[in-house]
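Engineer: Mind looking at a prediction? Sequence and model below.
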Amino acid sequence: MQESVYAQRVQPRRLPDDAPNILIVLIDDAGPGLPSTFGGEVRTDTLTRIHDQGIGYNRFHTTAMCSPTRASLLTGRNHHRIGNGQIAELANDWDGYSGQIPKSSALGAEVLRNYGYSTAAWGKWHNTPAIETTPAGPFDNWPSEIGFEYFYGFLAGEASQWEPNLVRNTTSVLPPRRPEEGYHLSEDLADDAIGWLHRHKAFEPDKPFFMYWASGCLHGPHHVMKEWADKYAGKFDDGWDAYRERVHARAKELGWIPQDTELTARHPDLPAWDEIPEDEKPFQRRLMEVAAGYAEHVDVQVGRLIDEVERLGYGDNTLVFYIWGDNGSSGEGQNGTVSELLSQNGIPSTVDMHIKALNELGGLDVLGSPKVDNQYHAAWAWAGSTPYKGLKLLASHLGGTRNPMAVRWPAKIKPDATPWTQFHHCNDVVPTIYEILGITPPRVVHGIPQDPIDGVSFAYTFDNPDAAGRLLTQYFEIMGSRAIYHDGWMASAFGPRVPWVQGMPPGIADWTPDQDTWELYNLDQDWSQANDLAATMPDKVAQMKETFSIEAAKNSVYPVGGGLWVLVYHPELRVSTPYREWNLAGDIIRMPEFCAPALGNRGNLVTIDLDIPADPNGVLYALGGAGGGLTCYVDDGFLCFEYNTFIVMRTKIRSDNKLPSGRAKIQVSTEYAEAKPAGPLNITMTVNGEEFAQGNVPVSAPLAFSANDCLDIGLCLGGSVSLDYYDKAPFPFNGDIHNVNVRYTS
């Protein structure tokens, strides 16, 4: 009988004497056509170096969305099987979409820790249930409690690179510097990982380590210092269509794709570059320049980490998996945006609105700065996934699910820059590690029987590049977009949503999966899914659909499209705490938005008990960040409220009279003027029962202002919600806040 992990702890099973250190590097939302290594324009010297010193996989498949991919990557199981059919913030009650990895699917890190590895993780996590991300826990789904002895990063789906909400192990921490002092998250994550390596070398030099370093880049917002974006000035002037043709040609020239690979056509809902008005093109070009600089910058940080691994003497026996994308490049910027949460809230906007808002902030040079949450046009994401049709949120087509991975292990892998061609999935990494170490996946971990491993090891390819692939069947699904791979064939159903089209799709209320049209591709002959064979091979389509049905039933995929439940049909059921009233002391900070009172999309009354000094100034409370949020503050004695609807709309309310000094009660009332998602709000502010100011917010945020920012009392520690105090941030209130009572009124 397989021994339990408890038994292993009492008398650990012996690892090979030459057990390697393991480093997994995961880059976020990066398409396969972006880096120069694969035919693009962006310099990725570290990725290139690892590729040249090891082996490259350009047929590595993911699950088309961030946290589902990470859950599969870390556990070796399919994403619905472990409750990750959708991101944690949009979880619901169906098993495949619960947003929580079950204890019956232990992370590979937990198993390695029990075999004697030191384990640590950095960066983007996004696999803890959203309502469990406060400093109060519970912590049993935090990375430091499910396999990683150390964690430093952020728990949510995305974060400002300038002012992230960070945790170390189970403690909320502030960034070590502010952006004006030179802080950037990617650099901080590299610094911290290097520091951990130093401590490991000092305290446990003979113990193998497992490091997981997951950047927030290239997920939105695209934040990087201006000089990095300037390196790409002019590189994209001829637009995404021409760029795509260049990348396709170079990828064939470099041997990254077969010579007969066809360049797939642009989706009819994506505009051609020539259709973009001339006065809009500088905005669209600069968005891509910022993204390119952002990508190179994070690659340089990975290089710093790899260099330190080598300097400390670990390089030869460290197995590195460098995965360029947890899904394809992201079209969530839609038509190009200064605030990428607009699309996730389903609020339509025009490019002119974004350019106007940007010009008010200072023009094109502001892109990438702490004042905006910019993300490029979806057509740049499409170009970043050259030569494929898909991108992030499309599980149906390659580009959404096919990403490059380079593997390096100097002690055991002979360098070969030729791309490997076996079909493998992100859940194959853990079983590959287990096979290398001679570990049989435990049947019991901490007394809990374990689910079977779904992944298939690709260690067999390390010394046999021409070996036949061993992964024969793999399904994909996210929000109704789906596909099934089987033995060289792929059948695909696009799904109900075009991710880059604004608002909710027409007819989405009546959509059912059985109405979708399926396509069929022979991937062995058609690398880019250019030639749909469904019309001429209906029997094969039927066979593939049946295979999908079987895999879906085995893995809790049903109901297909279950991930749309909150996002499309019931935003009012978004993850939230059960409370309807809060009493918050004046020192409460960094309360994650999904755990905080829904001040921006729920009828509520905020009552502040405070002492007002003779010259009052500062933030009373702020929810969200620079990309969107609301805030109540005092400016030179005047009571102010601002509702920042994702930068493109700002509602400012300012009292005519100054606040009286002394003990006071300030109340801010929010009520829907029209009860509907994104509906208008009426705001009324009173002081000691006397109305001081009132106003109307024309468009509210139905889902959330941010994924990672917070509610702060008495100051604004995240991005500056209001530009009025941007230069004074965090703009602490100079009086005393005794209590803030928040009560829902509807």
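Structural biologist: Thanks, I have the structure now.

Engineer: for this protein, which helix is longest?
Structural biologist: The longest helix of the chain (DSSP state H) is helix 281-311.

Engineer: in it, what counts as buried?
Structural biologist: 283-306, 308-309 (16 or more other Cβ atoms under 10 Å). From N, CA and C alone the C-beta is placed, and that goes for glycine too.

Engineer: Could you do stretch 82-96 as well?
Structural biologist: 82-92, 94-96.

Engineer: Widest-spaced pair of those?
Structural biologist: By the measure Cβ to Cβ, 89 and 95 form the most distant pair in the buried residues of stretch 82-96, at 17.9 Å.

Engineer: where do the helices sit along the stretch 551-700 of the chain?
Structural biologist: Assignment of helices within the stretch 551-700 of the chain using DSSP state H, counting those that start in this stretch yields the ranges 564.

Engineer: Please read the previous query as pertaining to the chain.
Structural biologist: Using DSSP H, the helices of the chain run over residues 5-10, 45-53, 66-75, 108-114, 185-203, 226-230, 239-254, 281-311, 341-344, 351-361, 378-384, 429-437, 538-554, 564.

Engineer: for stretch 309-319, the distance to its chain's centre please.
Structural biologist: Between the centre of stretch 309-319 and the centre of its chain there are 29 Å (Cα atoms, centre = their mean, to the nearest Å).

Engineer: Contacts for it, please.
Structural biologist: Residues outside stretch 309-319 that contact it (Cβ atoms under 8 Å, 6 or more residues apart in numbering) are 18, 20-23, 197-198, 201, 209, 306, 407-412, 433, 436.

Engineer: what does stretch 217-226 give?
Structural biologist: Taking Cβ under 8 Å, 6+ apart as the rule, stretch 217-226 contacts 27-30, 34, 66, 124, 157-158, 160-162, 184-186, 287, 290-291, 293-295, 297-298, 329-330, 332-333, 339-340, 365, 367-370, 372-376, 627.

Engineer: buried ones in that stretch?
Structural biologist: Result for stretch 217-226 [16+ other Cβ under 10 Å]: buried residues 217-225.

Engineer: And these, which is closest to residue 682?
Structural biologist: Using Cβ to Cβ, residue 221 comes nearest to residue 682 of those, at 30.3 Å.

Engineer: Not counting its neighbours along the chain, what's nearest the closest one?
Structural biologist: residue 373 (3.6 Å; Cβ to Cβ, 6 or more residues apart in numbering).

Engineer: Tell me how far that neighbour lies from residue 353.
Structural biologist: Distance of residue 373 to residue 353, given as Cβ to Cβ, to the nearest Å: 15 Å.

Engineer: wait, doesn't residue 71 sit right on residue 79?
Structural biologist: Yes - look at residue 71 against residue 79 with Cβ atoms under 8 Å: they come within range, at 5.6 Å.

Engineer: ok, these two, which is more surrounded?
Structural biologist: The residue with more neighbours, out of residue 71 and residue 79, is residue 79; 34 against 29, by other Cβ atoms under 10 Å.

Engineer: For the contacts of stretch 217-226, I'd like a selection string for ChimeraX - just the buried members, please.
Structural biologist: Remark: buried members of these, expressed as a ChimeraX selection using 16+ other Cβ under 10 Å:
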select :27,28,29,30,34,66,124,157,158,160,161,162,184,185,186,287,290,291,293,294,295,297,298,329,330,332,333,339,340,367,368,369,370,372,373,374,375,376,627
